[in-house]
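Engineer: attaching a predicted model along with its sequence, questions to come.
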Amino acid sequence: MPKLSDQEKEARRARVLEGARRCFARYGYEGATVVRLEREIGLSRGAIFNWFPSKQELFLALAAEDNTRLQALFAEEGFDALLEAVTEHEPDWLAVYLEFGRRLKADPGLRERWIAISPPEARERSRAWIERGQASGDLRGDVSSEEIGQFLGVVIDGIVAQRALGFDPPASDVVLRFVRDATQARGGNRDGGG
């Protein structure tokens, strides 16, 4: 068997992840059987599980990749970009993500594994974005960066839950207006203040 180059390895891993994402979205976590994964990805179970030792690890890799990407998007481009990404996500994938969240709550071992693969630097970059906004006077300083982050997380989680349940995403401009009203410093620098 010919040895794959690093570029070919990365392409194969990406192929496995994208096919698995489609399979999980179509059939749910439980319904994404090995046979269905093979069919959707177009590789044998040996080729799939060469990259990931189990279906759970495959899903964790997908979820961690999404989580890291979304946190980086927020840290680099702000809440507007994060909101746009979440409203454009495939609703069926979001439903699987919520389904898996239930499993995280019920299985302490799985939760520990999730925490272990979630890079803390992504969270730190998000916190830094909020702190920069507070330091510049754009974001409220009368609450902590953690509280602002939790609030923004609740907004995003609510949109994810609604979309996963089959509802249309809310109008982004309305969400942004309410988020700005809640987080913007009164008399702040952005748009002449609140």
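Structural biologist: Here it is on my side, so go on.
Engineer: tell me the buried residues in whichever strand or helix holds Glu131?
Structural biologist: In this structure, Glu131 sits in helix 120-135 according to DSSP states H and E. Using 16 or more other Cβ atoms under 10 Å as the test for burial, helix 120-135 gives Ala122, Ser126, Arg127, Trp129, Ile130, Glu131, Gly133, Gln134. Heads up, the C-betas are built off the backbone N, CA and C, glycines and all.
Engineer: kindly report the same for stretch 81-90.
Structural biologist: By neighbour count with 16+ other Cβ under 10 Å, stretch 81-90 contains the buried residues Leu82, Leu83, Ala85, Val86, Thr87, His89.
Engineer: how far away from the center of its chain is the least confident helix or strand in the chain by mean pLDDT?
Structural biologist: Counting by mean pLDDT, DSSP states H and E, the chain has its least confident helix or strand at helix 91-106, which shows a mean of 84. Between the centre of helix 91-106 and the centre of its chain there are 11 Å (Cα atoms, centre = their mean, to the nearest Å).
Engineer: go on, stretch 156-168?
Structural biologist: With Cα atoms, centre = their mean as the basis, stretch 156-168 stands 13 Å off its chain's centre.
Engineer: okay, that stretch in CSV with CA atoms only?
Structural biologist: The C-alpha atoms that make up stretch 156-168 are tabulated as CSV, following Å, rounded to 0.1, in the frame of the first residue of the first chain:
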residue,chain,number,x,y,z
ILE,A,156,-26.2,31.8,20.2
ASP,A,157,-27.4,28.6,22.0
GLY,A,158,-31.0,29.8,21.8
ILE,A,159,-30.7,30.4,18.0
VAL,A,160,-29.0,26.9,17.6
ALA,A,161,-31.8,25.3,19.5
GLN,A,162,-34.6,27.0,17.5
ARG,A,163,-32.9,26.1,14.2
ALA,A,164,-32.4,22.5,15.3
LEU,A,165,-36.1,22.3,16.1
GLY,A,166,-37.0,23.4,12.6
PHE,A,167,-37.7,27.1,13.2
ASP,A,168,-36.3,29.8,10.8
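Engineer: tell me which residues are up against that stretch.
Structural biologist: Contact partners of stretch 156-168, identified using Cβ atoms under 8 Å, 6 or more residues apart in numbering, comprise 82-83, 86-87, 89, 91, 94-95, 97-98, 169-170, 175.
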